[in-house]
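> structure of the sequence below:
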Amino acid sequence: MQSAKKYILFLLVSLVCVQVNAQDEYPPSAKPGTCYLQVYTPNEYEYKEVTEIDRPAYTKSISIPAIYEYVYDTLVLRPAEKRLEVVAETYTTVIETVLVAPPTTRWETGKIDPNCLSTNPADCRVVCLVEVPAKYTTYSRKVLETPSYTREVNIPAEIKIATKRILKTPAGVMEYEVPATYKTVMKRQLVKKGFIDWKEVICSDQINIELVKKVQKALTDKGYDAGPVDGAWGGKSLDAMNKFQGEKNLPITKVISLETLQALGVQR
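Below is the predicted model:
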């Protein structure tokens, strides 16, 4: 009961009723016996899938090296020429046989005939006429076979194959554009801009323990921890109501607004 009294005192300080100062702007279309609170209605947002640039397009340069090719060149170190040269004579060896002494005959004393019965050796002497063969001698001599002569000789050129590198394409730089890349992200976008407005709230003389209990029970049933359902409005109940208001896009108030009651389904 003490907490309820404190809450009623808070309402008396916080509420802006129709009896406002003359310099303040009155709520439009106000009815007698109603109370209003000037509140800020926050911006309303929603999350949408948008595509944005992940990396912008850019130009990239590539160095292209020079291209060379190899060609083959023939270098003449010594030109072809003709030269006269003498070919020496050639000889052949001839072997000849020459008669030194013709064949002849001569008498030779033969052997004593064993059948000779004479005691006189002269009676038993035998002579024989024998042939003496001819005598020859052999010698060799060189005979000119080919006489010397002069001939013309072709001497080929002396050449060298050289490799030569020549520039075919000079070095350069090639530029090409790298396209941009994109990504899909969820972005919060403003749907309705926040504004300050008058909101009808429950007047202090209309707030009682039963109404507070109804609000506490409705918050608890919807999953908000409003504390015990005892009719004593405290910080826990206020936090639960403000959390409910924020999730339902209702103005955040320090007192119970008519919109909050309607959203909770609570009847006065």
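> wait, Leu129 sits on Arg106?
Yes - Leu129 is within contact range of Arg106, at 7.5 Å (criterion: Cβ atoms under 8 Å). To be clear about C-beta, it is placed using only N, CA and C from the backbone, and glycine gets the same treatment.
> please save the CA atoms from the host helix or strand of Glu49 in CSV.
Element membership for Glu49, per DSSP states H and E: strand 44-55. Output of strand 44-55 as CSV, limited to C-alpha atoms (Å, rounded to 0.1, in the frame of the first residue of the first chain):
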residue,chain,number,x,y,z
GLU,A,44,10.6,3.5,-36.5
TYR,A,45,13.0,1.4,-38.3
GLU,A,46,13.0,-1.8,-40.3
TYR,A,47,15.7,-4.0,-41.5
LYS,A,48,16.0,-4.5,-45.3
GLU,A,49,18.3,-6.5,-47.4
VAL,A,50,20.4,-4.2,-49.5
THR,A,51,23.3,-4.7,-51.9
GLU,A,52,26.3,-2.5,-51.4
ILE,A,53,29.8,-2.3,-52.8
ASP,A,54,32.2,-4.5,-51.0
ARG,A,55,35.2,-3.3,-53.0
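> for that strand, name the packing helices and strands.
strand 181-192 (3 or more Cβ pairs under 8 Å, 6 or more residues apart in numbering; DSSP states H and E).
> can you name the residues bridging to the spatially most central residue of the chain?
Centroid-nearest residue in the chain: Ile62, 14.8 Å away (criterion: Cα atoms, centre = their mean). With beta bridges defined as DSSP bridges, Ile62 has these partners: Met174.
> and the gap between it and Glu69?
Counting by Cβ to Cβ, to the nearest Å, the separation of Ile62 from Glu69 is 22 Å.
> any stretches of the protein with poor pLDDT?
Along the chain, the parts satisfying pLDDT under 70 run over 1-24.
> pop the domain breakdown of it in here.
The chain breaks down into these domains under automatic domain parsing: 2-48+192-264, 81-155.
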